[in-house]
Structure formats: structure tokens, C-alpha cells
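Visitor: okay, predicted coordinates and the sequence, questions at the end:
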Amino acid sequence: MYTKLANDLGVVRDADGTVIPNDPTNTNYQRYLEWVAEGNVATAPATEGHNPPIMRQMDQLEHAAILSRPTREFMLLYMEANFTPQQLAANFGYQAVKAFDGQITALRNQLQP
């Protein structure tokens, strides 16, 4: 199952929370479209009960940084798997992405009931 994002920006795959942008070249989005073609319907976007100000803040941060959740998670996983803790501590790019991810995680945690 999927949940639509506000403003038709894409969907969230409910099974794992992956945000899938509205991009016809994205294979996950293609799978979503196939799922819809089979007669399925995605859940409506979050409403006031889901704390839209926090969702908006997360969206604004991600758009401003041009760093979506899948990209951010891939970068962190790759770097943490291929570099020593000392190298990561000295890598300003890694530190910036890690700090940004911390901001988004803190906001996402506020959405948990």
C-alpha cells in the first residue's frame, strides 16, 4: 500500500516508509503506477491529525538541501560501510549530511503517536 504526499509530490510506500518522488523514470514510482493500474488506490495525503506543520518543515528542509531521504540514507550507508570512524569524523560532507539527517529524524519522531 501507498500514501500520497501533499501537492502530488509523490507517495510513501507504507511497508518501509520509503518516499517515492513523482518521477516516471524512477523504478519505484513505476511499480506504484503498476499497482494503481491494477485497481488499487493510495491513501489520501496526511491531514491535520498528522501534524502538517512538521511535514511541511521536513519537506522544506529536504527541498532546500536538495537531499531526499533515499539519497541521504544511501550516502550515509555507503560512507559508514566504506570509511573508518576516524575518516568519517574528518569528512565535513559526511558530518553535514549526518547532522541534516538528525534534524529530519527528530522531526519524523515528533510525528510518532
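Guide: On my side now, so go ahead.

Visitor: which residue is nearest the middle of the chain?
Guide: Arg69 (3.3 Å; Cα atoms, centre = their mean).

Visitor: separation between that residue and Ala89?
Guide: According to Cβ to Cβ, to the nearest Å, Arg69 and Ala89 sit 24 Å apart. Just so you know, the C-beta spots here come from the backbone N, C-alpha and C atoms, and that holds for glycine as well.

Visitor: what does Phe100 give?
Guide: From Phe100 to Ala89 the distance is 17 Å (Cβ to Cβ).

Visitor: quick one: which of those two has more around it?
Guide: The residue with more neighbours, out of Phe100 and Ala89, is Phe100; 17 against 10, by other Cβ atoms under 10 Å.

Visitor: ranges for the helices of this protein?
Guide: Under the criterion DSSP state H, helices of the chain are mapped to 27-37, 52-65, 69-82, 85-90, 92-110.

Visitor: mind giving me the packing neighbours of the third one?
Guide: Using 3 or more Cβ pairs under 8 Å, 6 or more residues apart in numbering; DSSP states H and E as the contact criterion, the secondary-structure elements in contact with helix 69-82 are strand 18-21, helix 92-110.
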